[in-house]
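> Sequence first, then the predicted structure, then my questions.
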Amino acid sequence: MPSESIGLVCGRYDPASYTTSLRYRPDRQLPFDPAAAPALPLLLDTTVYLHRGAGKLPNVIRALIGSRQHFVYHCGVVCAELAISIGLLDPADRRTPPTIAAIRAHLDRMDADRTVAPSGAAWTEASVLAGILARTQGLSRPKKALTPEQACCQEGRRRELLLDALLYATALEQDMLLVSGNIRHLDLLLQLRPSPNVLLYRPAETRA
């Protein structure tokens, strides 16, 4: 898709139009039906890798990915979300080596030729979207009104919003179908910028 100017991206949104909290919608109003999803290349959210590794990826999503295996793409945002744990996890914890091995296995399967990165315009749009949501959803309280723990939590949740908005903006920019189990954040983002380029799913229950 042709890239947009930064100014045009910023001008797409009027923050003053969003003054109240957005409500989460019922499943029937969200894009859960693979049959109704557009026939676009797939861009996988971090949830797909994690749920697949845990045996929680629904069969219908597995089937969709299998049917479009030559049109499956990865995103640098997801690579970063996965890779940070390699350096973050405690090396002395016995659970760390197998976890890192699983993460590296995911990363090893990500072909560089099928990995896309957000442009400056996508970063800008994602930042505007995340800023609006942080304000409307109660994540913009001044630090002086928060305890250190509350301030840290708020910053973390705002960072999560930004990364999810960045992945969403990248999917739109690349005209790909974002497959995600992150229902709450994608619901909010779709309310700000509606698009057919999203397919949501709920993780399957694992067998005992």
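It's in.
> which SS class is residue 199?
With DSSP: H, G, I helix; E, B strand; the rest coil as the basis, residue 199 sits in strand.
> Who are the contact partners of it?
With contacts defined as Cβ atoms under 8 Å, 6 or more residues apart in numbering, residue 199 is in contact with 31, 32, 34, 37, 61, 64, 177, 178, 179, 180. For the C-beta atoms, the positions are set from N, CA and C on the backbone; glycine is no exception.
> do residue 179 as well
Counting by Cβ under 8 Å, 6+ apart, the residues that residue 179 touches are 42, 43, 44, 45, 48, 61, 64, 65, 199, 201.
> In strands, which of the residues you listed fall?
42, 43, 44, 199 (DSSP state E).
> Neighbours of the nearest residue to the first one once chain neighbours are set aside, how many?
Leaving out its chain neighbours, the residue that sits closest to residue 42 by Cβ to Cβ, 6 or more residues apart in numbering is residue 72, at 4.8 Å. Per other Cβ atoms under 10 Å, the neighbour tally for residue 72 reads 20.
> Correct me if wrong: residue 72 contacts residue 65.
Yes. Using Cβ atoms under 8 Å, residue 72 makes contact with residue 65 at a distance of 6.0 Å.
> Give me the common contacts of the two.
With contacts taken as Cβ under 8 Å, 6+ apart, residue 72 and residue 65 have 42, 44 as neighbours in common.
> helix or strand right after the longest helix along the chain?
Ranked by residue count and defined by DSSP state H, the top helix of the chain is helix 148-174. Per DSSP states H and E, helix 148-174 leads on to strand 177-180 as the next helix or strand towards the C-terminus.
> Which neighbours in the sheet does that next one have, and how are they oriented?
Strand 177-180 sits in its sheet next to strand 42-44 (parallel), strand 198-200 (parallel), going by DSSP bridges.
> Just send the ones you listed back as CSV, with mean pLDDT too.
Converted to CSV, the strands paired with strand 177-180 look like this (pLDDT from 0 to 100):
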stretch, mean pLDDT
strand 42-44, 97
strand 198-200, 98
